[in-house]
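S.K.: Got a sequence here, can you model it:
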Amino acid sequence: MKYRKIAVIYGSDSSEWEVSCKSGAFVASSIDATKYDIYSIFARFGDWSLQAYRENGADLVSVPEGSRPQVDKTDFSVLIDGRKVKFDYAYIVQHGTPGENGLMQGYLEMLGIPFSSCSSFVSAITFDKFSCKSYLRDADFVKCADDMFIRNGDDIGTLAQKAVERLGLPMFVKPTDGGSSFGVTKVKKIEDFKGAVELAFSEGKTVIAEKAISGRELTDAVYFNGKETVALPVIEIVTENEFFDYEAKYNGQSQEICPAHIPDETAAMIQEVSRKIYSYMGCSGLVRVDYILAEDGLYFLEINTIPGMTSASLVPQMVRAAGMDMADFLGAVIENS
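M.R.: All right, here's what the predicted structure looks like:
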């Protein structure tokens, strides 16, 4: 093993922090404790504390609230019973800022600490939906829906008419830098545009209005196993709601079909596109790419560089469908990112 002391960092400064805690708990419990010492770090608004740890294959030790040591950010270490433990690898499971937008990655890069996700630069680009689509817009292997970029202070009344003329109805309005569908609205009439923009701004500093593409919603995850870039089985998402919103994601109001009931050649095409996007954007570690498969082709939705990792999340479902052991899979991510 290249690494021994793995810090699993979860919690975040965003609306997704509770989901992040669930992902962090699953990852920490799934890493092979016979190969690694595992330290669970809750990090939110600058307060980074050790909540639990497993060392030398022993049982989990939960640190009581009120006596949880703080991480020393000068060297990414923690004191446990008077002894200094310096982490040599970070598995980042922070959905949203600072774990998904490059801030945590930048900190770790400055300290020379390896981590599980994309670089700070790639994380920043992929986290912003408009920036990421701008990178991919001229790619010849995937389509991007037409959109409109909105900054705070823009004349929303004027933009509403322009958006309808350019994008049609319905359209989606969402923050450029959010996740878990927080702040996303499917706008069906022009009168709802202003409220949708205001809701999106409550979650981010910039907003994107995007043409709604009709088709099947599909997702695929990619990682590097040390030899090649591997695309996992494709999942189709069928929701009871208007779109794959927070309720559909986390409260059971959707079906996640894994592997997707699509022709083998279609699945292979989507996996190939996922690998191309991974390479084109300069990704590393584990990422998940979301699509809409429409009559006129495959449309890119977004890249998730810190995908959900609860037991019921999409990536663990893909791993199980591929016949892989979760501990082996996480070990591959750790050793090759």
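S.K.: switch to C-alpha atoms for all contacts and neighbour counts from now on
M.R.: OK.
S.K.: Tell me the helices and strands packed up against the strand or helix carrying Leu108.
M.R.: For Leu108, the host element (DSSP states H and E) is helix 103-111. Contacting helix 103-111 under the criterion 3 or more CA pairs under 8 Å, 6 or more residues apart in numbering; DSSP states H and E are the following elements: helix 120-127.
S.K.: Now do the buried residues in the helix it packs on.
M.R.: Neighbour-count burial for helix 120-127, counted by 16 or more other CA atoms under 10 Å, picks out Ser120, Val122, Ser123, Ala124, Ile125, Thr126, Phe127.
S.K.: Please apply the same query to stretch 224-239.
M.R.: 224-225, 229-239.
S.K.: Nearest to Ile306 among those residues?
M.R.: Within these, distances to Ile306 taken as CA to CA reach their minimum at Phe224, with 14.9 Å.
S.K.: would you list every one of the strands in the stretch 101-250 of the chain?
M.R.: Ranges of strands within the stretch 101-250 of the chain are 143-144, 147-151, 171-175, 185-187, 206-211, 216-224, 229-231, 235-239, based on DSSP state E, counting those that start in this stretch.
S.K.: partners of the second one in the sheet?
M.R.: This points to strand 147-151. strand 206-211 (antiparallel) (DSSP bridges).
S.K.: CA-only coordinates of the partner strand in CSV, if you can.
M.R.: Output in CSV follows, covering the C-alpha atoms of strand 206-211 (Å, rounded to 0.1, in the frame of the first residue of the first chain):
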residue,chain,number,x,y,z
THR,A,206,-24.4,32.7,-10.4
VAL,A,207,-27.3,31.0,-12.2
ILE,A,208,-27.9,29.2,-15.4
ALA,A,209,-31.1,28.9,-17.3
GLU,A,210,-31.0,25.8,-19.5
LYS,A,211,-33.2,24.3,-22.3
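S.K.: orientation of that strand relative to strand 171-175 in degrees?
M.R.: 160 degrees (axes from the mean of the first three to the mean of the last three CA atoms, to 10 degrees).
S.K.: that older thread, and the contacts of the helix holding Leu108?
M.R.: Defining contact as CA atoms under 8 Å, 6 or more residues apart in numbering, one finds that helix 103-111 is touched by Asp75, Phe76, Thr97, Pro98, Gly99, Pro114, Phe115, Ser117, Cys118, Ser119, Ser120.
S.K.: and what of stretch 286-293?
M.R.: Contacts made with stretch 286-293 from outside it, assessed by CA under 8 Å, 6+ apart, are listed as 116-117, 213-224, 274, 278, 298-307, 315, 333.
S.K.: from the middle of its chain, how far away would that stretch be?
M.R.: Stretch 286-293 has its average C-alpha position 10 Å from the chain's average C-alpha position, going by CA atoms, centre = their mean, to the nearest Å.
S.K.: what mean pLDDT does that stretch have?
M.R.: Per-residue pLDDT over stretch 286-293 has a mean of 98.
S.K.: do the same with stretch 166-180
M.R.: With pLDDT averaged residue by residue, stretch 166-180 scores 86.
S.K.: Just flag the most distant two among the buried residues of stretch 224-239.
M.R.: The span of those, defined through CA to CA, is set by Asn225 and Thr239 at 32.0 Å.
S.K.: which residues in this structure form helices?
M.R.: Counting by DSSP state H, residue ranges of the helices within the chain are 17-30, 103-111, 120-127, 129-136, 156-167, 193-201, 246-250, 264-280, 314-321, 326-336.
S.K.: mean pLDDT lowest for which of these?
M.R.: Comparing mean pLDDT across these, the weakest is helix 246-250, with a mean of 50.
S.K.: Share the number of residues neighbouring Ile262, please.
M.R.: Ile262 sits with 12 neighbouring residues when counted by other CA atoms under 10 Å.
S.K.: do Asp59 as well
M.R.: For Asp59, the tally of surrounding residues (other CA under 10 Å) stands at 10.
S.K.: and if you look at the one 5 residues further on?
M.R.: Here the count is done by other CA under 10 Å, and Pro64 has 10 residues near it.
S.K.: Out of the helices of the chain, flag the one nearest Ala43.
M.R.: Distances from Ala43 to each of the helices of the chain were compared using CA to CA; the shortest belongs to helix 17-30, at 9.3 Å.
S.K.: Now do the buried residues in that closest one.
M.R.: Burial within helix 17-30, assessed by neighbour count using 16+ other CA under 10 Å, is assigned to Trp17, Val19, Ser20, Cys21, Lys22, Ser23, Gly24, Ala25, Phe26, Val27, Ala28, Ser30.
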